[in-house]
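1. Have a look at this fold, sequence not included:
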């Protein structure tokens, strides 16, 4: 891809980030609404947030009630980078595996680290590519996720997409300039891994990013945030009244 195409692509990315309130200014504004708590409370809330997302079945619907619980924990100061002890998994990684797009979106609005890794150096980008969650993968890429990071076995997100026959994710990663020549610890490149993936070299020249996140997502999320804020304000007022009594 030439410099002109890269410039156009970058402008399109910035436009889309602003459209979905994922630009630096919007993220900073969201983070500014989050309650500051001590480290112990932050950790405990982070653990609660992780368990909430982790215990949610992949096949179950992410409804308004569940989303509200996530938002409340975040607004109360939950640690977005909380890692469980055994494998070092964290909230965004679980969302990437299960395809919880809306919850991932809220975590990213709150400033979750797109390049955080677990104990096996697995990133959310690798997880979303492996499980075929293209919409979520695009959000991570838009926010600057490292598409060439390697996990402990040396697989990249692109290799993982190839290994698990995730064509759309594979194409998206190629468009995002993922390296086509990297090899894992077994010295395998994407050419050595069997599967049904077809490689179209012309896609490298495609500077378009498809609109994958529903436009209603921002409106719905903002409404839930406002509802959560009103609920928190009501709780605070009730606490003040209790103290007076």
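-> Received, thanks. The model shown is predicted, which means the values in this text are computed figures rather than measured ones.
2. Show me which positions of stretch 42-60 end up buried.
-> For stretch 42-60, burial by neighbour count (16 or more other Cβ atoms under 10 Å) applies to 42, 44-50, 52-54, 56. Every C-beta, even on glycine, is put in place using the N, C-alpha and C of the backbone.
3. and if you look at stretch 157-171?
-> Buried residues in stretch 157-171, defined by neighbour count with 16+ other Cβ under 10 Å: 157-164, 166-171.
4. In helices, which of the residues you listed fall?
-> Per DSSP state H, helices hold the following members of the buried residues of stretch 157-171: 157-163, 167-171.
5. tell me the pLDDT at the residue sitting nearest the centre point of the chain?
-> By Cα atoms, centre = their mean, the chain has its centre lying nearest to residue 104, at 4.5 Å. Note for residue 104: predicted pLDDT of 96.
6. Need the pLDDT of residue 192.
-> 92.
7. ok, of the buried residues of stretch 157-171, which one's closest to residue 141?
-> Of all the buried residues of stretch 157-171, residue 141 sits closest to residue 157, with 9.3 Å by Cβ to Cβ.
8. OK, contacts around that closest one?
-> Residue 157 makes contact with 123, 125-126, 128-130, 137, 147, 149, 169, 173, 178 under the criterion Cβ atoms under 8 Å, 6 or more residues apart in numbering.
9. Residue 188 - how many residues pack around it?
-> 17 (other Cβ atoms under 10 Å).
10. can you check residue 84 too?
-> Residue 84 - counted by other Cβ under 10 Å - has 16 other residues nearby.
11. Equivalent analysis for the one 3 residues further on, please.
-> Counted with other Cβ under 10 Å, the neighbours of residue 87 add up to 12.
12. pLDDT at it, what is it?
-> pLDDT at residue 87 comes out at 97.
13. can you check the one 4 residues further on too?
-> Reading off the per-residue confidence, residue 91 sits at a pLDDT of 98.
14. For it, what are phi and psi?
-> phi -50, psi -50 (degrees, to the nearest 10).
15. surely it meets residue 50?
-> Yes - with contact defined as Cβ atoms under 8 Å, residue 91 reaches residue 50; the gap is 5.2 Å.
16. Look up the residues that both of these two are in contact with.
-> In contact with both residue 91 and residue 50: residue 82, using Cβ under 8 Å, 6+ apart.
17. Show the residue spans covered by the helices in the chain.
-> Going by DSSP H, the chain shows helices at 3-19, 24-31, 39-54, 64-75, 91-98, 101-109, 124-130, 134-142, 157-163, 167-175, 216-244.
18. tell me, how many neighbours does residue 34 end up with?
-> Residues lying near residue 34 (other Cβ under 10 Å) number 15.
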